[in-house]
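A.B. asks: generate a structure from the sequence data that follows.
(chains A and B)
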Amino acid sequence: MKNDNTVRFTPKNYVVTAVLLAIVTAALAAAPYWLGRADLRLAGEIMLYISLATLWNLLAGYAGLVSVGQQAYVGLGGYMLFAFTIFIGVPPILAIPIAGVIGALLAIPVAFLVFRLRGAYFAIGTWVIAEVFRLSFAQISALGGGSGTSIPASIVKSMAETRAARESLSYWLAFGLAAFIILFVYLYLRSSKGLALTAIRDNELAASSLGIDIWKTKFFTYVVSAALTSMVGALIFLQKLRISPDAAFSVNDWTAFVIFIVVIGGIGTIEGPIIGAIIFFALRETLADLGTGYLITLGVVAIIIMLKAPNGIWGILRDRFDISFFPLLYRVENQKQDR
Amino acid sequence: MSDEFVTITNLDAHYGDFQALYGVDMHIDRGEVVAVIGANGAGKSTLLRSISGLMPNGSGQIKFKDADISGLRADEIAHLGLALVPEGRQLFPSLSVEENLIIGGRLQRPGPWNLESVYALFPILAERRNSPSTALSGGQQQMVAIGRALMANPDLIMFDEISLGLAPIVIGEIYSAIPDVIGQGVSAIIVEQDISKALSISSRVYCLQEGRVALEGNSDTITREAISQAYFGV
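C.D. replies: Take a look at the predicted model:
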């Protein structure tokens, strides 16, 4: 019988995508050697947004947790980096994982609070929590209160001697973290826990009657993504060198743009946030001179994509070219021979 | 009574203001197969949802192996060895046949059922193990749903309208597998529209009518007249 004609990925496809992926990864790792200063900075920023979008996508696209408050962890991570480097003298690179641990620890009580809410109420609740974070950090005068603070030059210089070396290091950190986060999410979704998460997304009632603890699965996902988002936040403000409550907990910068990226790229896929981030930056770089017109264009693009292609740009590409760089879905092999 | 495996006492169930079950009393003994029949909207599925923990219950209303499970969440009840084959199959569309089965086996309760024994019960599933669950026929999907419940090695398995929407020949195929399932010492509750199918496979039968138990009896001695009276309430 020719029934068994579907597989995770065809071997040919697997080799092609693996080679492509290796080439792209190598080229990106070597970016400091072939990109100019401004472009390298931009590339680093894209990597950070890919990280944020991948994590938001894990929450919203896989765990069904539509948070509008992930800026809470971006800001927290940024402030923790500043606090640990300035007050305790921790080297900046070590302060990044510390920020992640603190993000996870704070996410635990926050989850107990916001997990009582569902759907739109959950979204609003997370936003309110982020505002509480912003107002709290604005009260800490040691960190500059409402006007913020900067990292002392000595700490910056401790990372690397020359400016070029610092910029390369900063890019590699962003690139490394983005690669780590994508790999982590991919492996997580293919693990037994990820299988449970997918089952919950597909059918919550059936999942719970099969013994999957929905609360615990979502809780774990939320805490892990909070930890990683805090690490991204620490890195973001290590590049900016300056932090203030409004910048750190900006709902526009760290959540609205991120949602835009995930939605136009394709929610619920691993490739979507990557494609979305590239499109977002392409739009930003070409339309930035338009001022308000730029934001209007973003809005129009988002609306058109949501109406015409609910699976995002990656959904269109995947359907047309039958490709997958991070195979989680099934694809039909030798369909034609059967007919 | 230690023989009673599941004891349901004075069970009520509500959907908002609508009351679906009124003081249902019921018991299932160890190793017994009980059929629950009744017209549409009689409360059959609600009964299974209550037992599975998918509906909130009052305390003391449902006992399983002498423990009160009325207040437990669905996943906690599943851990105790209760499995539901839900109406409409409710497979996970993003997952393959095998992944659907693996999800059922995540509880890792000891027992005879594993991927191999499920594939032995339904050989077609072994052939289609890597297919997305949505690519299967209705009957094959029902086999996945049954296999997925079995993978948890339950002590009590509940079948909700497993013949719904399937061709008669497929229904026969699925029902012929049921004795193999129950033969392993598992108790079962079978909710079924097809009364003759339900009676042929069970030892006792309950008939629900508008949320109340209208009739209870042994499947082989109960009369057609009694059933149609309890079924339609005429």
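A.B. asks: so B:Asn130: helix, strand or coil?
C.D. replies: Three-state call for B:Asn130 (DSSP: H, G, I helix; E, B strand; the rest coil): coil.
A.B. asks: could you pull up phi and psi at A:Trp56?
C.D. replies: With angles defined as degrees, to the nearest 10, A:Trp56 sits at phi -70, psi -40.
A.B. asks: tell me the secondary structure for the closest residue to it other than its chain neighbours?
C.D. replies: Among residues not flanking A:Trp56 along the chain, A:Val258 sits closest, at 4.9 Å (Cβ to Cβ, 6 or more residues apart in numbering or on different chains). (C-beta placed from N, C-alpha, C; glycine too.) Three-state assignment for A:Val258 (three-state DSSP): helix.
A.B. asks: just checking, A:Val258 touches A:Ala53?
C.D. replies: Yes. With contacts counted by Cβ atoms under 8 Å, A:Val258 reaches A:Ala53, the gap being 5.2 Å.
A.B. asks: just to revisit the earlier point, can you give me the neighbour number for the residue nearest to A:Trp56?
C.D. replies: Under the neighbour criterion other Cβ atoms under 10 Å in any protein chain shown, A:Val258 is assigned a count of 30.
A.B. asks: residues contacting the residue sitting nearest the centre point of chain A?
C.D. replies: Central residue of chain A (Cα atoms, centre = their mean): A:Leu52, 2.1 Å from the mean position. Contact analysis of A:Leu52 by Cβ atoms under 8 Å, 6 or more residues apart in numbering or on different chains lists A:70, A:74, A:229, A:232, A:254, A:258.
A.B. asks: now do A:Ile279
C.D. replies: A:261, A:264-265, A:313.
A.B. asks: where's it, which helix or strand?
C.D. replies: Here A:Ile279 sits within helix A:271-287, counting by DSSP states H and E.
A.B. asks: same question for B:Glu216.
C.D. replies: strand B:212-218.
A.B. asks: okay, now the closest residue to B:Asp155 other than its chain neighbours: neighbour count?
C.D. replies: Nearest residue to B:Asp155, sequence neighbours excluded (Cβ to Cβ, 6+ apart): B:Gly81, at 3.8 Å. When neighbours are defined as other Cβ under 10 Å, B:Gly81 has 20 of them.
A.B. asks: repeat for B:Ile178
C.D. replies: 19.
A.B. asks: show me what whatever helix or strand it lives in is packed against.
C.D. replies: B:Ile178 is part of helix B:168-182 when elements are defined by DSSP H and E. Helix B:168-182 sits against helix B:115-121, helix B:138-150, strand B:187-191, helix B:195-201, with contacts defined as 3 or more Cβ pairs under 8 Å, 6 or more residues apart in numbering or on different chains; DSSP states H and E.
A.B. asks: so for chain A, which of those sits nearest?
C.D. replies: helix B:138-150 (6.7 Å; Cβ to the nearest Cβ).
A.B. asks: that closest one: which residues count as buried?
C.D. replies: B:139-150 (16 or more other Cβ atoms under 10 Å in any protein chain shown).
A.B. asks: can that helix be found next to chain A?
C.D. replies: Yes. Using Cβ under 8 Å from any Cβ of the partner chain, helix B:138-150 reaches chain A at B:148-149.
A.B. asks: between helix B:168-182 and that helix, find me the angle.
C.D. replies: Angle, helix B:138-150 to helix B:168-182, by axes from the mean of the first three to the mean of the last three Cα atoms, to 10 degrees: 10 degrees.
A.B. asks: touching helix B:138-150 from outside, list them.
C.D. replies: Contacts for helix B:138-150 (Cβ under 8 Å, 6+ apart): A:210, B:83-86, B:89-91, B:97, B:100-101, B:103-104, B:113, B:117-118, B:121-122, B:124-125, B:128, B:133, B:136, B:157, B:159, B:162, B:165-167, B:170-171, B:173-174, B:177, B:181.
A.B. asks: ok, now stretch A:76-86?
C.D. replies: Contacts to stretch A:76-86, defined as Cβ under 8 Å, 6+ apart, come from residues A:90-92, A:95-96, A:98-100, A:102-103, A:106, A:133, A:137, A:143, A:149, A:151-152, A:155, A:229-238, A:240, A:243, A:248.
A.B. asks: weed out the non-buried ones from those.
C.D. replies: Counted by 16+ other Cβ under 10 Å, those give A:90, A:92, A:95-96, A:98-100, A:102-103, A:106, A:133, A:137, A:143, A:149, A:151, A:155, A:229-238, A:243, A:248 as buried.
A.B. asks: wait, is B:Ala83 part of a strand?
C.D. replies: Yes. Assessed with three-state DSSP, B:Ala83 lies in a strand.
A.B. asks: quick check: it vs B:Ile157, distance?
C.D. replies: 5 Å (Cβ to Cβ, to the nearest Å).
A.B. asks: what does B:Arg106 give?
C.D. replies: Distance from B:Arg106 to B:Ile157, by Cβ to Cβ: 17 Å.
A.B. asks: ok, these two, which is more surrounded?
C.D. replies: Using other Cβ under 10 Å, the more surrounded residue of B:Arg106 and B:Ile157 is B:Ile157, with 25 against 19.
A.B. asks: so is that one in a helix, a strand, or just coil?
C.D. replies: Of the three states, B:Ile157 takes strand under three-state DSSP.
A.B. asks: now do the same contact list for it.
C.D. replies: Contacts of B:Ile157 (Cβ under 8 Å, 6+ apart): B:83-85, B:149-150, B:181, B:186-189.
A.B. asks: how long is stretch B:54-71 from one end to the other?
C.D. replies: 11 Å (Cα to Cα, to the nearest Å).
A.B. asks: pLDDT on it, on average?
C.D. replies: Per-region confidence: stretch B:54-71 scores 89 on mean pLDDT.
A.B. asks: likewise for stretch A:324-339?
C.D. replies: 52.
A.B. asks: and for stretch B:211-224?
C.D. replies: In this model, stretch B:211-224 carries a mean pLDDT of 90.
A.B. asks: next one: that stretch to chain centre, how far?
C.D. replies: 18 Å (Cα atoms, centre = their mean, to the nearest Å).
A.B. asks: same thing with stretch A:196-212?
C.D. replies: Its chain's C-alpha centre and that of stretch A:196-212 lie 25 Å apart, by Cα atoms, centre = their mean.
A.B. asks: just the C-alphas of it, formatted as PDB.
C.D. replies: What follows is stretch A:196-212, C-alpha atoms only, in PDB (Å, rounded to 0.1, in the frame of the first residue of the first chain):
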ATOM      1  CA  ALA A 196       2.000  18.600  25.100                       C
ATOM      2  CA  LEU A 197       2.100  22.400  24.400                       C
ATOM      3  CA  THR A 198       1.000  21.700  20.800                       C
ATOM      4  CA  ALA A 199      -1.700  19.400  22.000                       C
ATOM      5  CA  ILE A 200      -3.000  22.100  24.300                       C
ATOM      6  CA  ARG A 201      -3.000  24.700  21.500                       C
ATOM      7  CA  ASP A 202      -4.900  22.200  19.300                       C
ATOM      8  CA  ASN A 203      -7.500  21.100  21.800                       C
ATOM      9  CA  GLU A 204      -7.400  22.100  25.400                       C
ATOM     10  CA  LEU A 205     -10.200  19.800  26.600                       C
ATOM     11  CA  ALA A 206      -8.800  16.700  24.900                       C
ATOM     12  CA  ALA A 207      -5.300  17.500  26.200                       C
ATOM     13  CA  SER A 208      -6.500  17.900  29.800                       C
ATOM     14  CA  SER A 209      -8.600  14.700  29.700                       C
ATOM     15  CA  LEU A 210      -5.400  12.900  28.600                       C
ATOM     16  CA  GLY A 211      -3.600  14.000  31.800                       C
ATOM     17  CA  ILE A 212      -1.800  17.000  30.500                       C
END
